[in-house]
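Trainee: A predicted structure for the sequence below; I have some questions about it.
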Amino acid sequence: MPFSVYAKKETLNHLFRSGSLYLALYNGDPRNGGSEVSASEYERQSISFGEPVESSGSVKAQNNGSVEFPIASSDWGTVDYLAIYDAKTSGNLLDSDQLNDSFEVKANTQFFLDEQNYTIILNDGQ
């Protein structure tokens, strides 16, 4: 039985709005052996989400501010997945998503995520 709209909103509020969250950059799927970027200047960045909204039974929450990583002083490699954790290091993986287009982070470039570009959706059946 699918969650009600209320239950979906409460789930998103609890997981993605009640504590500190951090965005991580990955090469490969973090749920299937992908590797988090590893560079001396790299660290997960804070991310926050807006109030969940309902549309046709689905409920979504989007990041409510941009997220900027430091300018790379060395090549970080290809980023093709983003992940949300509940801690700046280690922690629990809450969500991950594959980028539409991978991004090659080279020295003197910067990875950033614009506002409302990370969306978490709970549909019927989830």
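Mentor: It's in.
Trainee: where's Thr78, which helix or strand?
Mentor: strand 77-85 (DSSP states H and E).
Trainee: Let me fix that, I meant to ask about Glu10.
Mentor: Element membership of Glu10 [criterion: DSSP H and E] is helix 5-17.
Trainee: Which residues belonging to that helix are considered buried?
Mentor: 5, 8-9, 11-12, 15-16 (16 or more other Cβ atoms under 10 Å). Just so you know, the C-beta spots here come from the backbone N, C-alpha and C atoms, and that holds for glycine as well.
Trainee: ok, back up a step: quickly run through the sheet partners of the helix or strand following the strand holding Thr78, with directions.
Mentor: Note on strand 77-85: by DSSP H and E, the next helix or strand toward the C-terminus is strand 93-105. Counting by DSSP bridges, the strands paired with strand 93-105 are strand 77-85 (antiparallel).
Trainee: So what touches the partner strand?
Mentor: Residues from elsewhere that reach strand 77-85, judged by Cβ atoms under 8 Å, 6 or more residues apart in numbering: 16, 21-30, 34, 36-37, 44, 47, 91-99, 102-105, 111, 113, 118, 120.
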